[in-house]
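Student: Got a sequence here, can you build the structure:
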Amino acid sequence: MRIGVLALQGDVREHIGTLAKLACETVEVRKSADLKNLSGLILPGGESTTISKLMDIFSLREPVLNFVQSGKAIFGTCAGMITLANEVLDSASGQQSLGLMDISVRRNAFGSQLDSFEEVIDFDGTTLNVAFIRAPIVERVGEAVQVLSKLSDGRVVAVRQQNMLATSFHPEITGETFVHEYFLKMASSPQ
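Tutor: Residues are numbered from 1 along each chain as shown. Predicted coordinates for the structure are as follows:
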């Protein structure tokens, strides 16, 4: 199985390192040709406005949309979640999401970089330690969206809609592999 990581900006190496632990072949995606023969694609955390603009500069918006619409699996962490959302409640000037997941998100919902934290959460029945770094929060989920994780106060931090997975948090930062394993199962059985 080959998994791509959008390598325009953000924590690309951390995702590649996690996939390597799972003996998964990875491809750094920088141009549309890099999407060929992939089973899935990860949109890493980083700066969502920058990722949005770079996707347009490198002509990747349409190829990524086509990739997902063909049924291939996609996983967005943090900024990747924002990029997948069909509504960004506090989008920055010039920011354009892919509009694929029926969710509304708020950027930097937990505060600035200084407010970053680790939290033990339940993800689809498994306890994980994950990092929240300038993380978004899901404020609305559509009917077709499955909630996979909430914080103790009820705020939604992980969702799935068909072949799309998105998390507010970074499992790749704390060394967790379970969420990536979950994604690899999605990628091995296209929608």
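
Student: tell me which element H15 falls in.
Tutor: Using DSSP states H and E, H15 falls within helix 12-21.

Student: after that helix, next one along is what?
Tutor: Taking DSSP H and E, what comes next after helix 12-21 is strand 25-29.

Student: partners of that next one, with directions?
Tutor: Its sheet considered, strand 25-29 pairs with strand 2-6 (parallel) by DSSP bridges.

Student: which regions of the protein sit below the pLDDT cut-off?
Tutor: Within the chain, the stretches with pLDDT under 70 are 93-94, 190-191.

Student: how near is the spatially most central residue of it to N37?
Tutor: Residue closest to the average C-alpha location in the chain (CA atoms, centre = their mean): G76, at 0.8 Å. To N37, G76 is 21 Å away according to CB to CB, to the nearest Å. Every C-beta, even on glycine, is put in place using the N, C-alpha and C of the backbone.

Student: tell me, how many neighbours does T126 end up with?
Tutor: For T126, the count of nearby residues is 14 (other CB atoms under 10 Å).

Student: Spatially nearest residue to it, not counting backbone neighbours?
Tutor: With CB to CB, 6 or more residues apart in numbering as the criterion, T126 has its nearest non-adjacent residue at 5.4 Å, and that residue is F178.

Student: T174 contacts F132, correct?
Tutor: No: in this structure, T174 is not within contact of F132 by CB atoms under 8 Å, at 10.4 Å.

Student: mind listing what's buried in the helix holding H15?
Tutor: 12, 14-16, 18-19 (16 or more other CB atoms under 10 Å).

Student: So which of the residues you listed is the closest to V145?
Tutor: Comparing the buried residues of helix 12-21 against V145 with CB to CB picks out H15 as the nearest, at 22.8 Å.

Student: That closest one: what's it in contact with?
Tutor: H15 makes contact with 5, 26, 42, 44, 77, 172, 180, according to CB atoms under 8 Å, 6 or more residues apart in numbering.

Student: Among those residues, name the ones in strands.
Tutor: Those of those mapping onto strands are 5, 26, 42, 77, per DSSP state E.
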